[in-house]
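Chemist: Sharing a sequence plus its predicted fold:
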Amino acid sequence: MADQRKEKLWTKGFVLTSTVNLMLTLSMYLLLVTMAVYAMEIYGASVSMAGFVSSIFIIGTLFGRLYGGKNIARIGNRKMLLAGAAAVLATTALYFVPMGIYPLMGLRFLHGVALGLAATATGTIVAQIIPRSRSGEGIGYFSMSVVLATAVGPLVGVVLLNQYGFTSIFIFSLIMAAISLLLSLTVRPPEVEVPASGYKRFSLSDYFEARAVPISIVMFVLAFAYSSILSFVTGYTAEIDLVEAGSFFFLVYGIAVLLSRPVTGPLMDRKGANIVVYPALISFAAGMLVISQADAGWMLLAAALLMGLGYGNFQSISQALAIKATPRHRMGLANTTYFIALDLGLGFGPLALGFIVPMLGYRGMYASLVLVILAGLVVYYFVHGRKSGGVTS
């Protein structure tokens with residue numbers, strides 16, 4: 001174990017690639033939470049149309065990930081990263097051009113495709129850079145870039161929108177895209193040899209990694225539950241008159257993840273995934289239960305803390321599990337499989353839960369999702385937990 005710990009994690013490539021991913025996803029989440037308002041105020045879109053303007057980005061991301069996962073080993077990590085980052089910069093610049101609601105939808109889709117390509121590249125590069133003996137720890141640190149973006153992006157978006165208007169949001173996003181491209185130019189990832197038989201004819205294995213599917217299914221279930229927080233917590237806190245506390249929700253969530261990742265990642269590498277996953281999923285379920293009953297600010301923030309310890313940690317652990325079981329030349333497909341499940345959960349969740357809110361209310365919806373999370377725990381037990389306490393396969 002001592003020799004394993006000597007393997008270097010914080011290399012220049014690891015830091016640069018994580019920073020690129022942070023810049024890209026920060027802009028993504030900033031635009032996700034403000035684009036619906038932009039469509040309604042600037043183009044007079046209906047609520048449903050505005051929601052589609054926001055969410056069509058996720059559809060584009062799925063297409064980008066599918067193409068990227070299939071072709072990254074053939075095209076090369078660095079080429080795909082540069083192409084994706086350049087396309088993100090180009091599409092972001094187009095937000096400044098006045099257009100109708102349908103061209104805006106097309107732009108959002110293309111922006112999503114570009115981000116899907118770039119994100120597939122960053123995830124694959126990092127997976128190949130990280131020593132296998134420190135995969136849980138390394139993926140945990142890398143995925144902090146997404147956690148920070150989830151917490152900071154919406155906060156920056158709301159502040160910029162309230163203080164300076166939509167143009168400031170596009171300027172900020174353009175700056176992030178430019179920095180991403182400049183940093184991408186300095187990344188020198190390892191190139192992995194691809195078996196010659198890997199891409200001869202059409203097969204589902206060209207687009208998905210079978211060994212990553214089981215844990216990705218669990219990720220889909222839990223992302224479905226977490227989508228209720230991303231999409232409805234703002235409306236919920238307004239309804240229960242806890243807007244001020246609600247403004248700190250994602251900040252507390254992010255802090256909980258940042259403080260716990262340095263512990264949970266190495267713990268997974270030493271003791272196996274189960275010792276982290278089971279407490280994490282129970283914590284997530286507890287957080288969902290607390291938020292469903294919240295009638296004071298401290299309860300809302302306690303829920304954020306529990307969810308950060310729970311969902312926030314499971315997100316990185318499950319990604320590490322998907323990668324750990326995969327040969328190096330198919331890590332791009334493993335990442336694609338994992339993130340498609342994650343994106344589908346986050347994208348499909350609001351559509352389905354939008355029908356539940358009118359029937360059960362926000363509290364009823366959040367309470368019912370406790371059962372969904374516990375169902376995810378059961379699924380995890382059958383697809384991975386009962387087989388091994390570790391990830392050393």
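Modeler: Cool, got the structure. Numbers count the residues shown, from 1 in each chain.

Chemist: For the rest of this, base every contact and every neighbour count on C-alpha atoms.
Modeler: OK.

Chemist: residues contacting the residue lying closest to residue 153 once chain neighbours are set aside?
Modeler: Closest residue in space to residue 153, ignoring its immediate chain neighbours: residue 30 at 4.3 Å, by CA to CA, 6 or more residues apart in numbering. Shown in contact with residue 30 (CA atoms under 8 Å, 6 or more residues apart in numbering): 153-157, 169.

Chemist: Give me the phi and psi for residue 30.
Modeler: As for residue 30, its main-chain torsions (degrees, to the nearest 10) stand at phi -60, psi -50.

Chemist: any idea how far residue 318 is from it?
Modeler: Residue 30 sits 25 Å away from residue 318, going by CA to CA, to the nearest Å.

Chemist: repeat for residue 116
Modeler: Taking CA to CA as the criterion, residue 116 is separated from residue 318 by 19 Å.

Chemist: of those two, who's got more company?
Modeler: Ranked by neighbour count (other CA atoms under 10 Å), residue 116 and residue 318 place residue 116 first, with 30 against 23.

Chemist: my guess is that one contacts residue 69, does it?
Modeler: No. Taking CA atoms under 8 Å as the contact criterion, residue 116 and residue 69 are not neighbours in contact, 9.4 Å apart.

Chemist: elements contacting the helix or strand hosting residue 362?
Modeler: Under the assignment given by DSSP states H and E, the secondary-structure element containing residue 362 is helix 331-380. Judged by 3 or more CA pairs under 8 Å, 6 or more residues apart in numbering; DSSP states H and E, helix 331-380 is in contact with helix 47-75, helix 101-129, helix 213-239, helix 274-293, helix 313-324.

Chemist: and the closest residue to residue 167 other than its chain neighbours, what are its phi and psi?
Modeler: Closest residue in space to residue 167, ignoring its immediate chain neighbours: residue 96 at 7.5 Å, by CA to CA, 6+ apart. Listed backbone geometry of residue 96 is phi -80, psi -10, with angles given as degrees, to the nearest 10.

Chemist: got a list of what residue 376 touches?
Modeler: Taking CA under 8 Å, 6+ apart as the definition of contact, the neighbours of residue 376 are 218, 221-222.

Chemist: And the protein, what are its domain boundaries?
Modeler: Domain assignment of the chain by automatic domain parsing yields the ranges 9-186, 204-386.

Chemist: buried residues in stretch 307-320?
Modeler: Of the residues in stretch 307-320, those buried under the neighbour-count criterion (16 or more other CA atoms under 10 Å) are 307-320.

Chemist: Assign the closest residue in space to residue 287 that isn't next to it in sequence to helix, strand or coil.
Modeler: Distance criterion CA to CA, 6+ apart; nearest residue to residue 287, sequence neighbours excluded, is residue 303 at 4.2 Å. Under DSSP: H, G, I helix; E, B strand; the rest coil, the three-state class of residue 303 is helix.

Chemist: My guess is residue 303 contacts residue 291. True?
Modeler: Yes. With contact defined as CA under 8 Å, residue 303 counts as touching residue 291 (5.5 Å).

Chemist: For residue 328, report the pLDDT, please.
Modeler: Listed pLDDT for residue 328 reads 67.

Chemist: what's the answer for the one 3 residues further on, then?
Modeler: According to the model's per-residue confidence, residue 331 sits at a pLDDT of 69.

Chemist: Next: residue 344.
Modeler: Among the per-residue scores, residue 344 shows a pLDDT of 86.

Chemist: Give me the distance between it and residue 42.
Modeler: 28 Å.

Chemist: Quick check on these two: which one has the bigger neighbour count.
Modeler: Ranked by neighbour count (other CA under 10 Å), residue 344 and residue 42 place residue 344 first, with 18 against 12.

Chemist: need the contact list for the closest residue in space to the more buried one that isn't next to it in sequence.
Modeler: Of all residues beyond its chain neighbours, the one nearest residue 344 is residue 220 (6.7 Å), with distances taken as CA to CA, 6+ apart. Listed by CA under 8 Å, 6+ apart, the contact set of residue 220 reads 341-346.
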